[in-house]
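Q: Sequence below, structure please.
(one chain, ligands or ions: 2)
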Amino acid sequence: MIAPRDELVFAALGGVGEIGMNLAIYGLGQEGRRTWLAVDVGMSIASEEHLPGVDLIYPDIRYLVEERRNLAGIVLTHAHEDHIGALLDLWPQLQVPVYATPFTAALLQAKREGEPGAPEIPVKIIPLGGRFSVGAFELEYVSVAHSIPESNALVIRTPLGVILHTGDWKIDPTPVIGAPTDERRLRALGDEGVLALIGDSTNAVRDGRSPSESDVAKTLAGLVASAPGRVAVTTFASNVGRIRSAALAARAAGREVVVVGRAMERIVQVARETGYLDGIQDFRGIDAYQSLPRQRILALCTGSQGEGRAALARIAEAQHPSVTLDRGDRVIFSSRTIPGNEKEVGRVVNGLIRQGIEVISDRTHLVHVSGHPRRAEIEEMYGWVRPRIVVPVHGEALHLSEHAAIARALQVPEVVVCENGDLVRLAPGPAAIIDEVPAARIYKDGRLLVEADAPTVPHRRRLSFAGMVSIALAITRKGDLATDPEIELTGIPQETADGATLDDVAYDAVMETFESLPRARRGDPDALAEAVRGAVRSAIAQHWGKKPMCHVHVLAV
Ligand SMILES: [Zn+2]
Ligand SMILES: [Zn+2]
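A: Numbering: from 1, shown residues only. Ligands and ions are numbered 1, 2, ... in the order given. As a prediction, the model looks like this:
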């Protein structure tokens, strides 16, 4: 039933204007009385340089928490961290049912078991291609090829129109696992009539089509067969198709697969349980590594992004407890370096090369393909689905605008480029941004969640840049110093250019300021602290060119 003022709306709470942290919401009903559906609850990885000490970035879900009573459920499209990575930490604030296909549910469960204290989330498992309803939304999963098993587009049927939320997809006629993107289903959907397509923009800047996972399998087989010594293959652990291809390459070359790294072990176990490694030989544990001859080994390693704690970085530093590589061994990066990780990957590559180990990457060989559609694939999808409205998502500003340009060139009647937090009305038409909902970021900082606008991280950045001075002053009732001030410098150089110590510089600044203050003002702890703080920072800055943070504690004794 539709009431006259009912609307169908969409907003991204994350994942638009950025790659990562995907969280989309769809609302049905009139303003103030809508029911909501959330699709994916992903995370982004924080860059150490910009956000020191922060591990992960999550979407701020305060809007969903406010609307919790009206939130019918969360549907997951696939198990990549940019789609499910924030769920374990954020779900307790929402406590609504979660829907996923079997592999996604199994990986989420394995992740939960690896994190003590993680919530028990009631996941409703939906078969591939399954239809189900969540609140007022009639849903259907449509299988699409991607770079993890069971990637799904989501069809959302409402009384005001049908939406295709593509999720992450590509057209790969010969994926290594799973069926190709379900063209027949998508064409049928186009015949049914699609109001809006909310779609992946990641590779909208790239012409043509992405090569097939099977092409990568062929390259890998050749490189593994021709390797003179040991072979190590590193890839995104979630890419089970790639693991399968590496295993087949190993078998053909008479090599055993040794799994190195926790994330890889976990995914292999989940893939075995869910049947995605059926027909693949058993892998060996790490204890087999030392006993196998060099020509019989293929090590499957975590660490394709140069992560310092992952297996490959430790191997490159010759620090791994049980895995070593030597001159003449071959390392294949069956991966792409995610922007921002270049330095870390470079460090690993250089470490390997210094040891005489051969490094092969997608720079010279087809050892990786993206899981996202290039322009010709997007065009083909639009030919099948024929949407009335297109909203580009899953991309930075450039990707979104290129995606929008493709849609306009294909005569899609309405194209809406939005930002996180824009509320887009999809029906009744015309499509438009009609409002804003709160959308921001929160940081996973150690075990805690910290709001992005809290001073925590800016303080930490300032500390990392200019250190800190702590000063304690004990003042008598008469306004004299009870003892010498205590001064501690942290993260500040010891000596000035003329050989004085910055300790002394700070000490002199404290004493001069103190003595220059009239007795009456010395009795006001706040005024005293403020005066000392300003003087110490300026005095240090005169020598150093930087102003440290400064904390002054005044004790009345
Ligand atoms: Zn994905
Ligand atoms: Zn994604």
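Q: May I have the beta-bridge partners of I57?
A: S44, Y443 (DSSP bridges).
Q: For ligand 2, see how far away it is.
A: 14 Å (Cβ to the ion, to the nearest Å). Any C-beta I mention is one placed from the backbone N, CA and C, and that applies to glycine too.
Q: Could you check how many residues crowd around the residue of the stretch 151-300 of the chain found nearest ligand 2?
A: Of all residues in the stretch 151-300 of the chain, D168 sits closest to ligand 2, at 4.3 Å by Cβ to the ion. Residues near D168, counting by other Cβ atoms under 10 Å, number 27.
Q: who's in contact with the residue lying closest to R461 once chain neighbours are set aside?
A: Counting by Cβ to Cβ, 6 or more residues apart in numbering, R461 lies nearest to P52, which is 5.9 Å off, once chain neighbours are set aside. By Cβ atoms under 8 Å, 6 or more residues apart in numbering, the contact list for P52 reads V457, R460, R461, S464.
Q: how about a cut-off of 6 Å?
A: By Cβ atoms under 6 Å, 6 or more residues apart in numbering, the contact set of P52 is R460, R461, S464.
Q: what about the second one, neighbour count?
A: As a burial measure, R461 scores 15 neighbours (other Cβ under 10 Å).
Q: Show me the strands in the stretch 1-150 of the chain, by range?
A: 7-14, 23-29, 35-39, 44-45, 56-59, 71-75, 98-100, 123-125, 131-134, 137-144 (DSSP state E, counting those that start in this stretch).
Q: does A179 really touch V142, like I thought?
A: No: contact between A179 and V142 fails when scored by Cβ atoms under 6 Å: they sit 10.6 Å apart.
Q: Compare these two (neighbour count), which wins?
A: V142 (23 against 11).
Q: Scan the protein for its longest helix.
A: For the chain, the longest helix by residue count, based on DSSP state H, is helix 525-544.
Q: Please name the residues that touch the residue of the stretch 151-300 of the chain closest to ligand 2.
A: H146, S151, D200.
Q: Look up phi and psi at it.
A: phi -90, psi 130 (degrees, to the nearest 10).
Q: Not counting sequence-adjacent ones, nearest residue to it?
A: Going by Cβ to Cβ, 6+ apart, D168 has H146 as its nearest residue, at 4.9 Å.
Q: Nearest to ligand 1: which residue in the stretch 151-300 of the chain?
A: Closest point on the stretch 151-300 of the chain to ligand 1, by Cβ to the ion, is D168, at 3.4 Å.
Q: what's the answer for the stretch 401-550 of the chain, then?
A: H403 (16.2 Å).
Q: Low-confidence ranges, this protein, go.
A: 1 (pLDDT under 70).
Q: which parts of it sit against ligand 1?
A: Counting by Cβ under 5 Å from the ion, the chain comes close to ligand 1 at H80, D168.
Q: does ligand 2 sit close to stretch 384-404?
A: No: figure legend: stretch 384-404 not in contact with ligand 2 (Cβ under 5 Å from the ion); closest approach 5.7 Å.
Q: gap between the two ends of that stretch?
A: 17 Å (Cα to Cα, to the nearest Å).
Q: now do stretch 61-75
A: 15 Å.
Q: How far away from the center of its chain is that stretch?
A: 22 Å (Cα atoms, centre = their mean, to the nearest Å).
Q: Which parts of that stretch count as buried, going by neighbours?
A: I61, R62, Y63, L64, E67, N70, L71, A72, G73, I74, V75 (16 or more other Cβ atoms under 10 Å).
Q: and if you look at stretch 215-229?
A: V216, A217, T219, L220, A221, L223, V224, A227, G229.
Q: nearest to A520, of the residues you listed?
A: Of all those, V216 has the smallest distance to A520: 78.0 Å, by Cβ to Cβ.
Q: residue contacts, that closest one?
A: V369.
Q: Use 36 as the first number from now on
A: With 36 as the first residue, the last one maps to V251.
Q: circling back: from T491, how far off is the residue nearest to R496?
A: P87 sits 10 Å away from T491, taking Cβ to Cβ, to the nearest Å as the criterion.
Q: V402 too?
A: 40 Å.
Q: Tell me, how many residues neighbour the residue nearest to D203?
A: H181 has 30 nearby residues by other Cβ under 10 Å.
Q: and it, what does it touch?
A: With Cβ under 6 Å, 6+ apart, H181 has these contacts: D203, W204, G406.
Q: again, 10 Å this time
A: H181 sits next to 112-113, 115, 187-188, 202-205, 207, 210, 213, 216, 235, 248, 273-274, 276, 405-408 when contact means Cβ atoms under 10 Å, 6 or more residues apart in numbering.
Q: can you check R319 too?
A: E291, V292, V293, V294, S326, L327, R331, I332, L333, A334.
Q: which SS class is the fourth one?
A: Three states are possible here, and by DSSP: H, G, I helix; E, B strand; the rest coil the one that applies to V294 is strand.
Q: Might you enumerate the residues of the protein proximal to ligand 2?
A: Counting by Cβ under 5 Å from the ion, the chain sits next to ligand 2 at D117, D203.
Q: cutoff 6 Å now
A: N57, H115, D117, H118, D203, H429 (Cβ under 6 Å from the ion).
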